[in-house]
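S.K.: have a look at this prediction, sequence included:
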2 protein chains.
Amino acid sequence: MTARSSTDANRVIPEATVARLPVYLRALTALADSGIRTCSSEDLASAAGVNSAKLRKDLSYLGSYGTRGVGYDVDYLRYQIAREIGVTQDWPVVIVGIGNLGHALANFSGFRSRGFRIVALLDADPELVGQTVAGVQVQPFDELEETVRNHDVAIGVIATPAVAAQDVADRMVAIGITSILNFAPAVLAVPEGVDVRKVDLSIELQILAYHEQRKANGAEPGPAAAATADGGAA
Amino acid sequence: MTARSSTDANRVIPEATVARLPVYLRALTALADSGIRTCSSEDLASAAGVNSAKLRKDLSYLGSYGTRGVGYDVDYLRYQIAREIGVTQDWPVVIVGIGNLGHALANFSGFRSRGFRIVALLDADPELVGQTVAGVQVQPFDELEETVRNHDVAIGVIATPAVAAQDVADRMVAIGITSILNFAPAVLAVPEGVDVRKVDLSIELQILAYHEQRKANGAEPGPAAAATADGGAA
DNA sequence: AGGAGTTTGTGAACGTGAGAACAAAACCGG
DNA sequence: CCGGTTTTGTTCTCACGTTCACAAACTCCT
Ligand SMILES: NC(=O)c1ccc[n+]([C@@H]2O[C@H](COP(=O)([O-])OP(=O)(O)OC[C@H]3O[C@@H](n4cnc5c(N)ncnc54)[C@H](O)[C@@H]3O)[C@@H](O)[C@H]2O)c1
Ligand SMILES: NC(=O)c1ccc[n+]([C@@H]2O[C@H](COP(=O)([O-])OP(=O)(O)OC[C@H]3O[C@@H](n4cnc5c(N)ncnc54)[C@H](O)[C@@H]3O)[C@@H](O)[C@H]2O)c1
């Protein structure tokens, strides 16, 4: 109905698969770094911590990039996954809320190396504004709109206290940001078409506590080795 | 087969439900704080950002704590969920790797208020050892065993670089830690019976980038408003 | 060239989770 | 005490995700 990208868009990739592709990408990068040029689905699966059938099925959604009897070319597959995810291009990102967590995020080098570029740090606190964090000057929150327009930002990160999170999200959405990564422990309401993903440390710990309690109570088949995945729709 | 907790353990609660219980708990706390003493499943569901049928089904796994025609008593339900998750007791936690992220975690007040107590911060860097972060002195990594035994720690947090993560995890497991929250972008191998949950910022961003790219390519039914859930078994 | 050995890609079976729908239970007003 | 109203708890159905198992496709050795 609309534009098509080079390799036949609108193939639908299950959310669960999308959530694992970055893991495969990381595993492939590790393999490439250790000089391995070819790997089997078994190799890659164990490096990624999944079972090989699942890996093969996941990759089959992207296309047929392996060679039967041989395996996958590490660099080629890596490029294909990167292209599918969209990290062959650079994504400009803004971070709002430069407190404890915001500082850590700003200093995190893993951003750049994975296709994301921090173009602005913003905070409502006048004390913080003007300070330089990780080589970037903190701007007043009011400059959000200007910055987003100048850099054509689509992805915003919220690292403010929970009470401010909805306000910040509203502002982001109003300005045209369509993907939000939210670290504040708050449920964000956003219009259709805007993606929100949340990272919530407390929830993760509480899930661990639940299983820990069950182990202590003698519930035999204790699960183990969990992860994080999922997606959803608004 | 073994000990039973007060309210009939070994009821099996689906992982997807376990992952949402902390969200309900947070929503209930918010309601309680604003003076609301009773709420319907509809109210709570919208506060938690889920649909009410799902909420009711989730709660039904815990027991029958509502009143038909009336709704749920906020405080009562809150207590029941907290008890089920295991956050009525305090969980001692150790954090290993006090860099950018470790500092932020140590300073995070949301720990204590949700039933977790940081009993130790550990790092391999001699420069860091002895410094006080968030009122706790950083200890050398070698003191892990002693600390874990003294405080009966079951939950460990890894905030070291990826290369060190597996080593740290091995040490933790050897000492008796059975739940690990891993922030390093690495797949951890742990024996059966040990739970690992990972928080990976880069993966979250890449998932957002994927959907963002699809939006740009004109894939109409763009999903939105995702979250984070899941569990698994080793 | 052909057969043995590998390894992918996928069809099918199975399990888990989501959502609609409704009967059972509680309250309320008369 | 009874009928109407509200809201829960649960059942049923469908969609999604995982895993198994195997034919197809490729390599390599003889
Ligand atoms: N620190 C952690 O390790 C951690 C872990 C998990 C979750 N979180 C969550 O992340 C968020 C940030 O945590 P933190 O420890 O960095 O908090 P913080 O208080 O150190 O920092 C919050 C920052 O947000 C700024 N801010 C407040 N309102 C704002 C607004 N309306 N617009 C722009 N900026 C605003 C403040 O000036 C401050 O600099 C919180 O919601 C917290 O619950 C933190
Ligand atoms: N900074 C972030 O916002 C962020 C975001 C997502 C993920 N991460 C990940 O979290 C981890 C920590 O990030 P960071 O920015 O705090 O890194 P960092 O380099 O600032 O801190 C790492 C700390 O771990 C310590 N360490 C190294 N090896 C150790 C060992 N064997 N035992 C004990 N301590 C050891 C180091 O001394 C250092 O203090 C990394 O894996 C990073 O990829 C960080």
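M.R.: That came through, no problem. Numbering: from 1, shown residues only, chains lettered A, B, ... in the order given. Ligands and ions are numbered 1, 2, ... in the order given.

S.K.: only C-alpha atoms from now on, for both contacts and neighbour counts.
M.R.: Will do.

S.K.: give me the residues contacting the longest helix seen in chain A.
M.R.: Identified as the longest helix of chain A according to DSSP state H is helix A:15-33. Applying C-alpha atoms under 8 Å, 6 or more residues apart in numbering or on different chains, the set of residues contacting helix A:15-33 from outside is A:37, A:44, A:47-48, A:58, A:74-75, A:78, A:81-82, A:85, A:229-232, B:203-204, B:206-207, B:210.

S.K.: mind giving me the ChimeraX select for those residues, buried ones only?
M.R.: To isolate the buried members of the contacts of helix A:15-33 in ChimeraX, using 16 or more other C-alpha atoms under 10 Å in any protein chain shown:
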select /A:44,47,48,58,74,78,81,82,85,229,230,231 /B:203,204,206,207,210
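
S.K.: that older thread, ok now the longest helix of chain A, how far from the chain's centre?
M.R.: Averaging C-alpha positions (C-alpha atoms, centre = their mean, to the nearest Å) puts helix A:15-33 12 Å from its chain's average.

S.K.: show me where pLDDT drops low in chain A?
M.R.: For chain A, the stretches with pLDDT under 70 are A:1-10, A:219-234.

S.K.: could you dump the host helix or strand of residue A:54 to CSV, C-alpha only?
M.R.: According to DSSP states H and E, residue A:54 maps onto helix A:52-62. Once non-C-alpha atoms are left out, helix A:52-62 reads as follows in CSV (Å, rounded to 0.1, in the frame of the first residue of the first chain):
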residue,chain,number,x,y,z
SER,A,52,18.9,-23.9,18.1
ALA,A,53,15.5,-24.6,16.7
LYS,A,54,14.2,-21.3,17.9
LEU,A,55,17.2,-19.5,16.5
ARG,A,56,16.7,-21.1,13.1
LYS,A,57,13.0,-20.2,13.1
ASP,A,58,13.8,-16.7,14.1
LEU,A,59,16.3,-16.3,11.4
SER,A,60,13.9,-17.8,8.9
TYR,A,61,11.6,-14.8,9.3
LEU,A,62,14.4,-12.6,7.9
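
S.K.: in the longest helix of chain A, what's buried?
M.R.: Buried, per 16+ other C-alpha under 10 Å, within helix A:15-33: A:15, A:17-29, A:31-32.

S.K.: mind picking the two most distant members of those?
M.R.: By the measure C-alpha to C-alpha, A:15 and A:32 form the most distant pair in these, at 26.2 Å.

S.K.: near DNA strand C, which residues of chain A are found?
M.R.: Residues of chain A lying close to DNA strand C by C-alpha under 7 Å from any atom of the strand are A:39-42, A:53, A:56-57, A:59-61, A:63-72.

S.K.: can you show me the strands along chain A?
M.R.: Assigned by DSSP state E, chain A shows strands spanning A:38-39, A:66-67, A:71-73, A:91-96, A:116-123, A:132-133, A:136-140, A:155-158, A:179-182, A:195-198.

S.K.: the fifth one to strand A:136-140, inter-axis angle?
M.R.: Pointing back at strand A:116-123 there. Here the directions of strand A:116-123 and strand A:136-140 differ by 40 degrees (axes from the mean of the first three to the mean of the last three C-alpha atoms, to 10 degrees).

S.K.: which other helices and strands contact strand A:116-123?
M.R.: In this structure, strand A:116-123 makes packing contacts with strand A:91-96, strand A:136-140, helix A:144-151, judged by 3 or more C-alpha pairs under 8 Å, 6 or more residues apart in numbering or on different chains; DSSP states H and E.

S.K.: how about the second one, which residues are buried there?
M.R.: So that's strand A:136-140. For strand A:136-140, by 16+ other C-alpha under 10 Å, it's A:137, A:138, A:139, A:140.

S.K.: OK, now which residue of chain A is nearest to ligand 2?
M.R.: Proximity of chain A to ligand 2 (C-alpha to the nearest ligand atom) peaks at residue A:105, 3.4 Å away.

S.K.: what separates that residue from residue B:217, distance-wise?
M.R.: Computed as C-alpha to C-alpha, to the nearest Å, the residue A:105 to residue B:217 distance reads 29 Å.

S.K.: the more surrounded of these two?
M.R.: residue A:105 (22 against 15; other C-alpha atoms under 10 Å in any protein chain shown).
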